[in-house]
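A.B. asks: need a 3D model of the following:
(2 chains)
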Amino acid sequence: MIEVQNLTKEFNGKTVLDCISFEVKEGEIFGYLGPNGAGKTTTMRIILGLLKPKSGNALVFGEDLGSNDNLRRRVGILLENDGLYEGLSAYENLDYYSQLYGISDRGEKIKNLLDFVGLSDRKDDKVGTFSMGMKRKLGLARAIIHDPEVLFLDEPSSGLDPEAQRMVRDLILQLSKEKRTIFLNSHDLDEVQKICSKIAILHGGTIKAYDKVENLRNKFSKPIFEITLIDTADVRIALDLLHSLDYVSNCEEDGLRITVTLKEEKSSTILNVLVNNGIKVEEAKRLAKSLEDVYLDIVKHSGGER
Amino acid sequence: MSMYKIFTVARKEMKGIVKTKSQMLVGISFAVYLSVMTAPVVKTVEESALVDQFNNLIFYFVLVVGIFVAYLFSGKVFFNEKREGIIETVLCTPLSLRQIWSGKVVGVTIPAYLIALLTAALITIIANIFSTTMLLPSPAIFLHIFLVVPAFIAAAVGLLGFGHFLLGMRESQILNISIFFVIFLALVFTKNVISGGYAVSWVEVGVLLIVAVLLLAPISYLTRYLSKERIVTTIP
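C.D. replies: Model (predicted):
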């Protein structure tokens, strides 16, 4: 549905995107992650046809959005600016955009959307009087007024308080259940982790990682185990044993709990070594690495930004 | 369908202008002020030069007011929309850049022209109050009011819109100041118009009409050089 192939973009001779490629399939919620200035918004602008790449292609439904006005009817967008006119009411804003998209049964559609985002009681109020959270919700309603198949969201919860962030996130989750393809630009790892099925991490103008969230966690994280012992006397022996194993990179002790970082996947071997040496283990569990850890690892290992 | 899109944008811009009371008030006040300050001059003019003087007033001030109000409204419609970043969302709708630009030009031209017409009406009413004979614009001035003035306003709005879309914020502000300076100079010449001594004829009106058409054609052509990239990369 969205294909980005060898995309390169320069501004004043400086490369901001360097031959990036990825694909978003129908119905996927794709998270496009990266620090500020990594090139996320530039990528989105190229896909939307607002910027021209130096080389490469960005296609939606197999075509360039910039050169096909009608194709843009199938795409909804919520950029960092909500695209709302502060001097117009919530209803008038939605009415204007629905006319631009050529929607005939506007009244009913607008009413339903205002209900959906919980702004029915403020429909006649000027948007200039709205809070940031309310504007964001109305921006979302505006983005889906024409029932798009693909939705591009640029930092949808940026600058919002936690309650508003949650409301916006819930709305996006609701939209995802309607089988829309969603392209989410974000640096909010928590948001991406909760919403997205697949992600790409952009750093310094190149894609550093691109896969399903679970696969990335497994791929980029070293196995870490937390072993809880029963007897205090066993802690020292267990630590000596673990340190003697060449596939153990680090051991940290905290009372009866030992956190072991492995160089490779050998969780069952570790447990066998401990049990065979008479150490009583109460519990052993693998610690899941969060997306934040994966992200920070990738960003750290890929060095500074351009 | 193409015209429907243009008029959708135009309607929204007109509505926005009319609802911005402060801006409307400035525009109407300017029209009223110039009419009240200039039209009474007919009482000091000799009977033989009365009609010419009256026509000169309308010829000059209707155009100046129209262009000033167009300048005032264009700032809100083009400059503010770009400054606030809303234009980026509008560029992602199924409208082409030329349709957006055209819609805005129509949306600004109509209310600006209505205020110019108000100026013509006010000058006529006030001049007749101070005149012993009935004063009505000549056929040449009618052509000027109904053809030249709207064409000039549309050209001014088109050029301003083109400039605001093309330029960065600082350059746009310089453009605004420069245009304000030109309008200020035009008002300085008011004295010459009021003092009279000549009569506007079909020739002047015809020349102005040609100038307006010559302005409109290249401005419309220039929009081909506008690109979404240029607009997006000059948003602050």
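A.B. asks: report the closest residue of chain A relative to chain B.
C.D. replies: Closest residue of chain A to chain B, Cβ to the nearest Cβ: A:G83 (2.7 Å). Every residue, glycine included, has its C-beta placed from N, CA and C.
A.B. asks: where does that residue fall, phi/psi-wise?
C.D. replies: For A:G83, the backbone dihedrals (degrees, to the nearest 10) come out as phi 70, psi 20.
A.B. asks: and after the helix or strand of chain B with the lowest mean pLDDT, which helix or strand comes next?
C.D. replies: When the helices and strands of chain B are scored by mean pLDDT, DSSP states H and E, helix B:190-195 comes last with a mean of 63. Heading C-terminal from helix B:190-195, the first helix or strand you meet, by DSSP states H and E, is helix B:202-222.
A.B. asks: would you mind listing what in chain B touches chain A?
C.D. replies: Contacts of chain B with chain A, taken as Cβ under 8 Å from any Cβ of the partner chain, map to B:1, B:4-5, B:8-9, B:12, B:16, B:19-20, B:84-86, B:88-96, B:227-229, B:232-233.
A.B. asks: just the buried residues from the residues you listed, in PyMOL please.
C.D. replies: Buried residues within the residues of chain B next to chain A, by 16 or more other Cβ atoms under 10 Å in any protein chain shown, are selected in PyMOL with:
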select buried, chain B and resi 5+8+9+12+16+84+85+86+88+89+90+91+92+93+94+95+227+228+232
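A.B. asks: just the ones of the residues of chain B next to chain A in strands?
C.D. replies: Among the residues of chain B next to chain A, none falls in strands (DSSP state E).
A.B. asks: please list the residues of chain A that sit near chain B.
C.D. replies: Residues of chain A found near chain B (Cβ under 8 Å from any Cβ) are A:11, A:45, A:48-52, A:66, A:69-70, A:72-73, A:75, A:77, A:79-88, A:96-97, A:99-102, A:142.
A.B. asks: how about low-confidence regions in the stretch 151-300 of chain A?
C.D. replies: For the stretch 151-300 of chain A, applying pLDDT under 70 flags the ranges A:220-222, A:265-267, A:288-289.
A.B. asks: and for chain B?
C.D. replies: Within chain B, the stretches with pLDDT under 70 are B:1, B:190-197.
A.B. asks: so which residue of it comes closest to chain A?
C.D. replies: B:T89 (2.7 Å).
A.B. asks: so who does the residue nearest to that residue when sequence neighbours are not counted touch?
C.D. replies: Nearest non-adjacent residue to B:T89, counting by Cβ to Cβ, 6 or more residues apart in numbering or on different chains: A:G83, 2.7 Å away. Residues in contact with A:G83 (Cβ atoms under 8 Å, 6 or more residues apart in numbering or on different chains) are A:77, A:97, A:139, A:142, B:86, B:88-90.
A.B. asks: let's see that with 7 Å instead.
C.D. replies: Going by Cβ atoms under 7 Å, 6 or more residues apart in numbering or on different chains, A:G83 touches A:139, A:142, B:86, B:89.
A.B. asks: A:V275: neighbour count?
C.D. replies: A:V275: 12 surrounding residues under other Cβ atoms under 10 Å in any protein chain shown.
A.B. asks: now swap in A:A284 and tell me
C.D. replies: Neighbour tally, A:A284, other Cβ under 10 Å: 18.
A.B. asks: quick one: it from A:R257, how far?
C.D. replies: Relative to A:R257, A:A284 is positioned 11 Å away (Cβ to Cβ, to the nearest Å).
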